[in-house]
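> Predicted model and sequence below, questions to follow.
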Amino acid sequence: MKKILLINGPNLNLLGTREPEIYGRTTLSEIEATVSEQAEKLGMAIKPYQSNHEGGIIDFIQAECDDAYGIIINPGAFTHYSYAIRDCLAGAGLPVVEVHISNLHKREKWRNRSVISEICAGMINGMGVTGYLLALEYFKDK
């Protein structure tokens, strides 16, 4: 069974209550449950992880990448400056899909740039929580 790492970065543990006008009311646990259900239907499994700490995300990727098929990541604010996470993802040697609930290009100018996207197979941006399911579809066909 294909194992997909589902990684969420800082403040995404607050989904459902944090700025619902931007991020909606769906909680992170609801997203993980929905993605897990869909993964099972597609013959895959997810291993979810969330951290507000850059090193925690790096440690998780390093510990789990050897028996994973791919990575879905919403790096949160790390999107814009974490070369350490970018390098870790590149070094994992797995296909990566970057997901963002909001449309980064409709927000503050500093959010327009991702240091991670250049090493990703693709980025899903602004599709709400559906973006996670769309990322999973990528791995179904891979």
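Cool, got the structure.

> so where do the helices sit in the chain?
Per DSSP state H, the chain carries helices over the ranges 20-23, 28-41, 54-64, 83-92, 130-141.

> And those helices: which comes nearest Met1?
Comparison of the helices of the chain against Met1 by CB to CB identifies helix 28-41 as nearest, at 9.1 Å. (Glycine included, C-beta is placed from N, CA and C.)

> How about the closest one, which residues are buried there?
28, 31-32, 34-36, 38-39 (16 or more other CB atoms under 10 Å).

> Please apply the same query to stretch 65-77.
For stretch 65-77, the neighbour count (16+ other CB under 10 Å) marks 65, 68, 70-76 as buried.

> Stretch 80-91: which residues count as buried?
Buried residues in stretch 80-91, counted by 16+ other CB under 10 Å: 80-82, 85-86, 88-89.

> nearest to Lys47, of the buried residues of stretch 65-77?
For the buried residues of stretch 65-77, the nearest to Lys47 is Ala68 (7.3 Å; CB to CB).

> Would you mind putting the buried residues of stretch 65-77 into a markdown table with distance to Glu118 and pLDDT alongside?
Converted to a markdown table, the buried residues of stretch 65-77 look like this (distance: CB to CB, whole Å; pLDDT from 0 to 100):
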| residue | distance to Glu118 | pLDDT |
| --- | --- | --- |
| Cys65 | 19 | 97 |
| Ala68 | 21 | 98 |
| Gly70 | 17 | 98 |
| Ile71 | 15 | 98 |
| Ile72 | 17 | 98 |
| Ile73 | 14 | 98 |
| Asn74 | 17 | 98 |
| Pro75 | 13 | 98 |
| Gly76 | 18 | 95 |
